[in-house]
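Engineer: What follows is a predicted protein model with its sequence.
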Amino acid sequence: MFSFCTDPDTLGTLPWLACYLTTGVHLNFYAAFGTVLILLAVTAPTALAFGFGGAMAARSRVAPLRWFGQGYIAIVRGVPDIAFFLFFVIALDQGFEYLRHVTLCPDWDQPIRQGADFLVCPEAKLPLGSAPQWAHEGYGFALAVLTFAIVFGAFAANVLYGAMRAVPRAQVETGEAYGMTSRQTFRRIVVPQMWVYALPGLGNLWMVLIKATPLLFLLGVEDIVYWARELGAAKTPRFTAYPHPDWRMWYFLALLIFYLAFTRVSEIVIARLSDRLSRGQATAAGEAMRRAGA
């Protein structure tokens, strides 16, 4: 990047370090921080949508829908996350390819399952073999986001289900006494008030989601953990113009600082959001705020 980086062997310590930290692979490392932030920005609302749908299904009066919602919550919460992360990526990928195979290749006469192999027609592959590299990376990232949303959506569903039940029944009955339907009481009374009860659990879930982002490395996405391991490993002059001993400790220390700083900022935002939601509510936090104002 710098003009003086033409011959690393002639550089002093600081210029050498400046050139080393601005190589192309390091730019990929810095961009991977953006990948993590994008994952969180997309996954959080998607998982919340899954969670809201799961909570609605779990409290449904229709028995099959209620069983589905409760089963979704129980199964995902009862299985280790890593097992689901590895399972869903494979299952979703093969499921999408199978649907495309049935649609695009109806005349295919060979079995899809051939021993341990899953074989579909070339037109059904996702992404296509002729697709550019960014399409392959984008598809892998999309599968990772969907997997994160399904897994964390189950935990969010459990939190939201409990928050819906925590809204005082007397308030719902008051709405019904004024002639509101069950949908109106849910939309106008339960949903606006449930967030103050759900926020502590959702806040904890957000922290767990932040700590779970290194699982991208296991899903084949080149995230910050991947690049920290690759860049920090010992390098010899044969493989790089900037040889160095094993520096993985320093790279992972940088990741530690990043995650600690990010979680601290999250704690501040969640605390302020909790104060805002608690204002005027019939909760312990709301009562404390009323007394402080008096």
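Structural biologist: Yes, it's here. Residues are numbered from 1 along each chain as shown.
Engineer: Strands of the stretch 1-150 of the chain, residue ranges please.
Structural biologist: 113-114, 117-118 (DSSP state E, counting those that start in this stretch).
Engineer: and these, which is most packed in?
Structural biologist: Burial of those is given as mean neighbour count (mean count of other CB atoms under 10 Å); strand 117-118 ranks first at a mean of 11. All C-beta atoms are positioned from the backbone trio N, CA, C, and that covers glycine.
Engineer: Which among the strands of the stretch 1-150 of the chain is found nearest to Phe152?
Structural biologist: Of all the strands of the stretch 1-150 of the chain, strand 117-118 sits nearest to Phe152, with 26.9 Å by CB to CB.
Engineer: Provide the strand pairings for that closest one, with the direction of each partner.
Structural biologist: strand 113-114 (antiparallel) (DSSP bridges).
Engineer: How about residues contacting the strand it pairs with?
Structural biologist: Residues from elsewhere that reach strand 113-114 (CB atoms under 8 Å, 6 or more residues apart in numbering): Leu119.
Engineer: which ones are touching Arg59?
Structural biologist: 66, 69, 161, 164-165.
Engineer: so can I have JSON lines of these showing pLDDT and neighbour count?
Structural biologist: As requested, the contacts of Arg59 are exported to JSON lines (pLDDT from 0 to 100; neighbours: other CB atoms under 10 Å):
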{"residue": "Arg66", "pLDDT": "91", "neighbour count": "15"}
{"residue": "Gly69", "pLDDT": "90", "neighbour count": "22"}
{"residue": "Tyr161", "pLDDT": "91", "neighbour count": "23"}
{"residue": "Met164", "pLDDT": "89", "neighbour count": "20"}
{"residue": "Arg165", "pLDDT": "88", "neighbour count": "13"}
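Engineer: Just the ones of those in helices?
Structural biologist: Among the contacts of Arg59, the ones falling in helices (DSSP state H) are 66, 69, 161, 164-165.
Engineer: ok, of those residues, which one's closest to Gln193?
Structural biologist: Nearest to Gln193 among those, with distances taken as CB to CB, is Met164, at 9.4 Å.
Engineer: if I look at that closest one, how far off is Val120?
Structural biologist: 42 Å (CB to CB, to the nearest Å).
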